[in-house]
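**Student:** Below are the sequence and a predicted model for it; my questions follow.
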Amino acid sequence: MSIKDKYQLSVINILLNMLQAKKAEKLNDEQLNELQQRRLAKLLKHVMDHSEFYKTFYEEHGITVDKIESVKIHDLPIIDKELMMKNFNRFVCDKGLKKNDLEKFLSDPEMSDSKYDGIYEVIHTSGSSGSPGIYVYGPNDWSLLKAIVINRVSKNKFHLFKKTKLAYIGLIDGHYAGISLTKDAPKLLFDFLPVDIGRPIKESVEKLNKYMPESLSGYASGVYLLALEQLEGRLNIYPSRILCSAETLTDQMAKTIHKAFGIKPINFYAATESIGMASQCDLHDEIHLFNDWHIYEVIKENGEPAKPGEIGHLVVTTLYNYTQPLIRYKMHDEVVLSDKTCSCGWSFPLISRIAGREEEQLWFEDSSSNKDYLHPTIFIEFFVIGLEKLQVVQVEQNTLQLNVVITGDSEIVISKIIKRMDDILDKKGFGSYVKFSINIVDSIPNDEKTGKYRLIIPLKTSLSS
């Protein structure tokens, strides 16, 4: 690791980035737009110099280096995950990053707590599309993200001689967005307890009662389950800050969490593509988009910009990631813009709703009529080299069928899928009664009624109802 890399990953750099982020919170709309344009021009020059994909792609659309200063965001063509992954080695700005090497790194369980090459944070997801995506953050990219989240989302109070105790509930045994960011909180300022949502809730309760976190974060449904345990008297913790992410925080969940812990849970909008995207305001229910380090567009199905109150796909540009820049990247999430201004003083734009983040849970029942479920994120983040697309269908109460599109040696890929599924079921205590089969297919069609892809199809007679 070079001296530059060490500095960029250091607490000093994080603190300096926090100061910079704090200044941006005081900017008005015009100043934020000017800041965006400067950062966009700088990023475009970088990708034209360092990304073979972007240079060729933009030149094909008539955009050359000499036009960068005058280019507006809507002048640029839209990209998506499929195009990015297809051109991955040419897409990234560091020629030392190769897709095959990163896939091997991600599939090695011994590297689950490590950075690639000691400096790169690598995160994977299949998301709601069922197709795998790989996202890489360089040292400075990652430190800036941490600064944004600490400053604007977690808002922890620092003590000179006492660390803040963080707890996170979610998937913790791999390169997932939430755990990657939370466990990498500066050790000088934070202690950290990971809580595995893939294990029985009783274990989580025991750990948390012993640890007594000051800040609790994680998957919205995981925090909700802990709230139910608190209301039943089995959990007894008193966090001063609660953050919910990764999935929809419903009104019912929010009310239950508030009732259990006595504080309002904050809806934190984070994605693998960019973990520090937006957060619910402490003063109201709408969500601020952090558009000092992002450019956000909401595009309707017909390609036109959505107006406030209209739903559309989120198209994001990450202005801070110089390792794997996403410029006009179309996400599967759908959002509704708000035209309100916020009394908190931030000029960051607001969204009133996030859609496209709901996957259904799979519930099972043992011979003693005990019910439990698998969290959908287990399959959203399911990663096996050669698995190109996945769909999980609950064909009977305790039986799953995995529809898979694979490339390469099918026997090797299937054996890895089987091992991964066995590990998931055994960890949850389902191994003795939940069965699964694998169905290799050429393609997985979208749902006929909705026209959308369904990653998880639960049994119609669901135990959760």
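**Tutor:** Arrived safely. Note that this is a predicted model, so its numbers are computed, not measured. Numbers count the residues shown, from 1 in each chain.

**Student:** For the protein, which segments count as helices?
**Tutor:** Here the chain has its helices, by DSSP state H, at 3-8, 11-24, 29-50, 52-60, 81-86, 88-91, 99-107, 139-149, 177-183, 201-211, 220-231, 251-261, 377-380, 410-428.

**Student:** Would you reformat those helices as a markdown table and include distance to residue 294 and mean pLDDT?
**Tutor:** To be clear about C-beta, it is placed using only N, CA and C from the backbone, and glycine gets the same treatment. A markdown table is the format used below for the helices of the chain (distance: least, CB to CB, whole Å; pLDDT from 0 to 100):
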| stretch | distance to residue 294 | mean pLDDT |
| --- | --- | --- |
| helix 3-8 | 20 | 87 |
| helix 11-24 | 11 | 91 |
| helix 29-50 | 8 | 95 |
| helix 52-60 | 18 | 96 |
| helix 81-86 | 17 | 95 |
| helix 88-91 | 19 | 98 |
| helix 99-107 | 24 | 93 |
| helix 139-149 | 10 | 93 |
| helix 177-183 | 15 | 85 |
| helix 201-211 | 33 | 94 |
| helix 220-231 | 22 | 92 |
| helix 251-261 | 25 | 92 |
| helix 377-380 | 22 | 80 |
| helix 410-428 | 33 | 93 |
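
**Student:** Can you report how many residues lie near residue 19?
**Tutor:** Using other CB atoms under 10 Å, residue 19 has 10 other residues around it.

**Student:** which stretch among the helices of the chain comes nearest residue 301?
**Tutor:** helix 81-86 (17.6 Å; CB to CB).

**Student:** Which one of the helices of the chain lies nearest to residue 367?
**Tutor:** Nearest to residue 367, of those and by CB to CB, is helix 410-428 at 15.7 Å.

**Student:** which parts of the closest one are buried?
**Tutor:** 413-414, 416-417, 420-421, 424-425, 428 (16 or more other CB atoms under 10 Å).

**Student:** Same question for stretch 299-308.
**Tutor:** The neighbour-count check on stretch 299-308 (16+ other CB under 10 Å) flags 299, 306 as buried.

**Student:** pLDDT of it, averaged?
**Tutor:** The average pLDDT within stretch 299-308 is 88.

**Student:** Quick one: residues in contact with that stretch.
**Tutor:** 78, 297-298, 310-313, 315, 330, 336-339 (CB atoms under 8 Å, 6 or more residues apart in numbering).

**Student:** Repeat the analysis, applying 6 Å as the threshold.
**Tutor:** 298, 312-313, 315, 337-339 (CB atoms under 6 Å, 6 or more residues apart in numbering).

**Student:** bridging residues for the residue nearest the centre of the chain?
**Tutor:** Nearest to the mean C-alpha position of the chain, by CA atoms, centre = their mean, lies residue 271 at 2.8 Å. Taking DSSP bridges as the rule, residue 271 bridges to residue 274.

**Student:** Ok, residue 133 next?
**Tutor:** Beta bridges link residue 133 to residue 125 when assigned by DSSP bridges.

**Student:** can you put the buried residues of helix 410-428 in TSV and add distance to residue 17?
**Tutor:** Below are the buried residues of helix 410-428 laid out as TSV (distance: CB to CB, whole Å):
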residue	distance to residue 17
413	41
414	45
416	39
417	40
420	36
421	40
424	37
425	42
428	39
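
**Student:** Now do the residue nearest to the centre of the chain against residue 210, distance only.
**Tutor:** For residue 271, the distance to residue 210 equals 32 Å [CB to CB, to the nearest Å].

**Student:** same check, this time on residue 180
**Tutor:** Residue 180 sits 25 Å away from residue 210, going by CB to CB.

**Student:** before we move on, what about residue 81?
**Tutor:** 41 Å.

**Student:** Between those two, which has more neighbouring residues?
**Tutor:** residue 81 (23 against 9).
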